[in-house]
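> Compute the structure for the input listed below.
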Amino acid sequence: PLTRLSIEGFRGISRLEIDGLAPLTVFTGDNGAGKSTLLEAAFAVYGRRSPSWVPTLQARRGLRAFSKEGPSYVGLFYGTTETGRAVLSGRTRDETELRLEIKRIASGPQTVVLEHGQGNLSVLAENAPSLQFRAYRNGKLENPSELVWKFTPPDRGELEPRGGRPGQPRAMFQHPSEGTLSDDVKERYGDAREIGRDRFAIEMVRSIDPRVDDIEYLQTTRTKYFRAKLSDGRTLPLGMLGAGVVNVFSFGIDLAYVGDGFLAIDEVENGLYHRRLPMVFRTLVQFREKVGTQLMLATHSDEALAAIVEAATAHNASQFSVVHLRRDDDDNVHATVIAGKNARAS
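Next up is the predicted model:
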């Protein structure tokens, strides 16, 4: 697990270093303080060997400006619209130093596609600048890679990763949905079931709704869905039990899937009723330790924070820390790290 994280020129953070991260870390602070950015930075450091994380994170920020005119890198670098350079680095418990450098570079010779309409020629698209990635481990270059914009006339374009490799450890970034599960989640559930870890997801659901005995994945000619078997003999589509049930089910699937990798969950309290928070977080804390995942959470909720602190310190305070973030009037972000043994009092 990462114990230190450093950010330079990434998103809304000019420069920040945090020491004292734990296998379970929760970020808290005001809106715009940088909680999501820190989760994204850690996710990028874990997934540094492949550039495929960029479109994922841009899309969740509502910045999926990938059209026939090319991609937008707005918001990726600090203080600029689309140009810049960012450096993300981390240190692990065994003193391994990890570093990821991201730079926007010119794409070389420009390819211009012309569109003819009503006697006029107009530029339809041209090659966009690419993103260059350099990943280092203990100062040694691991995987140089790029994200290159590839335009296919007349109106298709996509970011094409070149170089790098996904590999281990697995890393995932999740923002609780409004009670929907993607096809990717359904595939991961199948993987978890094959290795006998699907019970994690089912027990997560039981922490909210103890009536659930089992969950099945069904496929008909018209739809694919999860069905919950209840203790009274009824069966219901999982979504009918509420968005909170679907969200924690997804937590369990992703924990099982990443194993001893990394999982970030932003606004972890979404869809959860405050009285259920203690049970949810007790289960989440226990499963995290069983599979060895480094889990980073962000929350706006005082009730969620209290429930996380209570569950984590009662289970194993040495594996837990709280990071409180504050942005000052000069746009600098400050972090206060509170070790698990002190978190309850704080």
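
> quick check, T56 in a helix?
Yes. According to DSSP: H, G, I helix; E, B strand; the rest coil, the state of T56 is that of a helix.

> so how far is F251 from it?
According to CB to CB, to the nearest Å, T56 stands 18 Å off from F251. In this view, the C-beta of every residue, glycine as well, is placed from N, C-alpha and C.

> repeat for R288
Relative to F251, and taking CB to CB, R288 is found at 10 Å.

> Go through the chain and flag its longest strand.
Counting residues, the longest strand in the chain under DSSP state E turns out to be strand 140-152.

> just checking, what packs against it?
With contacts taken as 3 or more CB pairs under 8 Å, 6 or more residues apart in numbering; DSSP states H and E, strand 140-152 sits against strand 130-137, strand 156-163.

> so which of those comes closest to D302?
strand 130-137 (38.0 Å; CB to CB).

> Could I get the buried residue list for the closest one?
Within strand 130-137, the residues scored as buried using 16 or more other CB atoms under 10 Å are 130-136.

> ok, back up a step: for the helices and strands packed on strand 140-152, could you give me JSON lines that also reports distance to A306?
JSON lines is the format used below for the helices and strands packed on strand 140-152 (distance: least, CB to CB, whole Å):
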{"stretch": "strand 130-137", "distance to A306": "38"}
{"stretch": "strand 156-163", "distance to A306": "41"}
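
> Nearest to A304 among these would be which one?
Judged by CB to CB, the one of those that comes nearest to A304 is strand 130-137, at 33.7 Å.

> Quick one: work out the angle between the closest one and strand 140-152.
Relative orientation of strand 130-137 and strand 140-152, computed by axes from the mean of the first three to the mean of the last three CA atoms, to 10 degrees: 160 degrees.

> 524 is where my numbering starts, stick with that
Yep, numbering from 524; the last one is strand 653-660 now.

> picking up where we left off before, more crowded one of R811 and F774?
Higher neighbour count among R811 and F774: F774, with 25 against 22, using other CB atoms under 10 Å.

> Spit out the contact partners of that one.
By CB atoms under 8 Å, 6 or more residues apart in numbering, the contact set of F774 is 697, 724, 727, 788, 807.

> These in strands, which ones?
If you go by DSSP E, the contacts of F774 have 697, 788 in strands.

> I738 reaches A751, doesn't it?
Yes. Using CB atoms under 8 Å, I738 is in contact with A751, at 5.5 Å.

> Just give me the neighbour total for V768.
By other CB under 10 Å, the residues close to V768 number 26.

> What strand or helix carries it?
Assessed by DSSP states H and E, V768 sits inside helix 766-781.

> still on that earlier bit, how about TSV for the helices and strands packed on strand 663-675, with distance to S529 and mean pLDDT added?
Output for these, formatted as TSV (distance: least, CB to CB, whole Å; pLDDT from 0 to 100):
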stretch	distance to S529	mean pLDDT
strand 653-660	13	90
strand 679-686	24	76
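
> closest one to M802 among those?
strand 653-660 (39.5 Å).

> Can you list the strands that that closest one pairs with?
Paired strands of strand 653-660, with direction, are strand 620-628 (antiparallel), strand 663-675 (antiparallel) (DSSP bridges).

> Comparing the ones you listed, which comes out most buried?
With neighbours defined by mean count of other CB atoms under 10 Å, none of these is more surrounded on average than strand 620-628, at a mean of 19.

> related to what we said a few turns ago, any common contacting residues for I738 and A751?
Contact criterion CB under 8 Å, 6+ apart; residues shared by I738 and A751: 728, 761.

> looking at the protein, which helix or strand does the model trust least?
strand 643-649 (a mean of 53; mean pLDDT, DSSP states H and E).

> For stretch 723-737, measure first residue to last.
End-to-end distance for stretch 723-737, by CA to CA, to the nearest Å: 11 Å.

> Show me where the stretch 674-823 of the chain has its helices.
For the stretch 674-823 of the chain, the helices defined by DSSP state H, counting those that start in this stretch cover 706-717, 721-729, 766-781, 800-814.

> Tell me how far Y780 lies from E717.
In terms of CB to CB, Y780 sits 11 Å off from E717.

> More neighbours: which of those two?
Neighbours per residue (other CB under 10 Å) separate Y780 from E717, with Y780 holding more: 24 against 9.

> Next one, pLDDT for the closest residue to the more buried one other than its chain neighbours please.
Distance criterion CB to CB, 6 or more residues apart in numbering; nearest residue to Y780, sequence neighbours excluded, is R711 at 4.5 Å. We have a pLDDT of 85 for R711.

> ranking the helices of the stretch 674-823 of the chain by burial, who's on top?
helix 766-781 (a mean of 24).

> quick one, it and helix 721-729 angle?
Helix 766-781 and helix 721-729 meet at an angle of 160 degrees, taking the same axes, to 10 degrees as the criterion.

> For helix 766-781, what is the distance to the chain centroid?
Relative to the centre of its chain, helix 766-781 is centred 13 Å away, using CA atoms, centre = their mean, to the nearest Å.

> Quick one: low-confidence residue ranges for the stretch 524-673 of the chain.
Flagging of the stretch 524-673 of the chain using pLDDT under 70 yields the residue ranges 587-595, 604-605, 629-652.
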